[in-house]
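**Student:** coords below, sequence missing:
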């Protein structure tokens, strides 16, 4: 099996849009579930529903892969699993290092989904000297002093940063200098990287804030029907009533024109 250093996915050279690339893992997850149930074929409508997209968008995405399905039959599940896996680079071995083995880093190290998708955790790295040598998920933690050597020895091109925000940029700079060209960032900060380096940011707090926004909006929509305060602005008074009040008050700046104009 090839390693991440010897072969790169062909998505960019084939001109597949980034939005399509972002949806390919959703299709793959749905297809893998179908494959595990020994489902041989699937229609675009069924697969789109399972992936949470509309069928027209799915068919457009698959056209970039050169896969159009068969009318009346649908898509071959096993072939699509292979085709998408190949396009995403999952038919090869990708050694990954995780830097920052606190609670989040340890949880990531124990996550079984990496190996099932072709991502091998090659090393765990932490700046705490007391962590050195301690096994996490069966892998001994190594000190950050050895980061560059670890990257070179394992042929790593993908790094995962799970450090505190204050340490993330320095770790990122060292990873890039050592040859890492793709970074998954869990630190709550924006990283600066040179051209040619891809960064994907995962910020759980931001996702929760977005959910809080939607919850607040839903609560606001339901409030009037639940006896909440009525936020509807009061209706304007009739024009005649406004005119009478204007006439009874002091003249406006233009003489006969009321100070309060009719609506």
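**Tutor:** Structure received. Treat the numbers as computed from the prediction; the structure is a model and nothing was measured.
**Student:** verify the contact between residue 35 and residue 76 for me.
**Tutor:** No - look at residue 35 against residue 76 with Cβ atoms under 8 Å: they stay out of range, at 10.5 Å. For every residue, glycine as well, the C-beta is placed using N, CA and C.
**Student:** which secondary structure elements does the helix or strand hosting residue 176 contact?
**Tutor:** Per DSSP states H and E, residue 176 falls inside helix 165-178. If you count contacts as 3 or more Cβ pairs under 8 Å, 6 or more residues apart in numbering; DSSP states H and E, helix 165-178 packs onto strand 94-99, helix 147-154, strand 158-161, strand 182-185.
**Student:** helices or strands up against the one helix or strand residue 23 maps to?
**Tutor:** Using DSSP H and E, residue 23 sits within helix 18-36. On a contact count with 3+ Cβ pairs under 8 Å, 6+ apart, helix 18-36 meets helix 44-51, helix 55-64, helix 77-87.
**Student:** how far does the strand ranked longest in the chain sit from its chain's centre?
**Tutor:** Assignment by DSSP state E gives strand 119-126 as the longest strand of the chain. Offset of strand 119-126 from its chain centre (Cα atoms, centre = their mean, to the nearest Å): 22 Å.
**Student:** helices and strands around that strand, which ones?
**Tutor:** strand 94-99, helix 103-109, helix 113-116, strand 139-143, helix 147-154.
**Student:** the same query, at a cut-off of 7 Å, please.
**Tutor:** When contacts are defined as 3 or more Cβ pairs under 7 Å, 6 or more residues apart in numbering; DSSP states H and E, strand 119-126 sits against strand 94-99, strand 139-143, helix 147-154.
**Student:** deepest of those, which one?
**Tutor:** Counting by mean count of other Cβ atoms under 10 Å, strand 94-99 has the highest mean neighbour count of those, with a mean of 24.
**Student:** neighbouring strands of that one in the sheet, and parallel or not?
**Tutor:** Strand pairing for strand 94-99, determined by DSSP bridges: strand 119-126 (parallel), strand 158-161 (parallel).
**Student:** between helix 165-178 and that strand, find me the angle.
**Tutor:** When axes from the mean of the first three to the mean of the last three Cα atoms, to 10 degrees is applied, the directions of strand 94-99 and helix 165-178 differ by 140 degrees.
**Student:** many thanks, have a good one.
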